[in-house]
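Student: Show me how the following folds:
(chains A and B)
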Amino acid sequence: GNSVTQMEGPVTLSEEAFLTINCTYTATGYPSLFWYVQYPGEGLQLLLKATKADDKGSNKGFEATYRKETTSFHLEKGSVQVSDSAVYFCALSDRSGYSTLTFGKGTMLLVSP
Amino acid sequence: GAGVSQSPSNKVTEKGKDVELRCDPISGHTALYWYRQSLGQGLEFLIYFQGNSAPDKSGLPSDRFSAERTGGSVSTLTIQRTQQEDSAVYLCASSPGTSPGGELFFGEGSRLTVL
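Tutor: Down below sits the predicted model:
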């Protein structure tokens, strides 16, 4: 079956540091890949997505590239801000006909001033 | 509002009691999902509704859990004879349709605490 593995947190960084959160997946076929973010006290919201190999999703300074050869979708940001503190979830959606998502366990990011 | 609405936002109940959690999806969204978010466990898929089709109940953890969706809109997740391990945040999401790889829109969740 489908599965998503992402690095355990919390990830603690100082403001303006470089961020990488690793995500690898197992899936049949060619899934779509997503990063969702959950800010404190809020619901999950889509951060970025990529629907085919070599696509790069980007939003709010975050990027992730769909790497089929390594089955990875690592999240990166060049300079984090305190406001980026949140829990980040990597997810995949298979192509079986509907978009039920399989999520990783989430990685908490804490950014200090 | 324009987003997915869930109620109650917090529910504390005693072991053995039944609880109902409500989800009001975004207007016009035909697909509705329930997930459970437990500490350290990520998001666990529970059930999926698409239009008038039979729901996909493959994620429900036991027969104490059930859900219905009336009129293709509002959904209620019912947990009977609650147990302490049912304590979690229950998330509802909706999406516009059946296109694979589509985005899900989440509510803020209902936090259930079973004493």
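
Student: Leaving out the residues flanking it, which one is nearest to the residue nearest the centre of chain B?
Tutor: The centroid of chain B falls nearest to B:W34 when counting by CA atoms, centre = their mean (3.1 Å). With CB to CB, 6 or more residues apart in numbering or on different chains as the criterion, B:W34 has its nearest non-adjacent residue at 4.2 Å, and that residue is B:L46. Just so you know, the C-beta spots here come from the backbone N, C-alpha and C atoms, and that holds for glycine as well.

Student: And B:E85, its phi and psi?
Tutor: phi -70, psi -10 (degrees, to the nearest 10).

Student: and it, how many neighbours?
Tutor: Other residues within reach of B:E85, judged by other CB atoms under 10 Å in any protein chain shown, total 10.

Student: Let me see the contact set for the residue lying closest to it once chain neighbours are set aside.
Tutor: Leaving aside its sequence neighbours, B:E85 sits nearest to B:V114 (CB to CB, 6+ apart; 8.0 Å). B:V114 is in contact with B:13-15, B:82-87, counting by CB atoms under 8 Å, 6 or more residues apart in numbering or on different chains.

Student: doesn't B:R111 make contact with B:S9?
Tutor: Yes: B:S9 lies in contact with B:R111 (CB atoms under 8 Å); the separation is 6.8 Å.

Student: wouldn't B:S94 be in contact with B:S75 here?
Tutor: No: checked against CB under 8 Å, the pair B:S94 and B:S75 is beyond contact range at 9.1 Å.

Student: list the residues that contact both of those two?
Tutor: B:25, B:32.

Student: Surely A:T71 touches A:T28?
Tutor: No: using CB under 8 Å, A:T71 makes no contact with A:T28, being 11.6 Å away.
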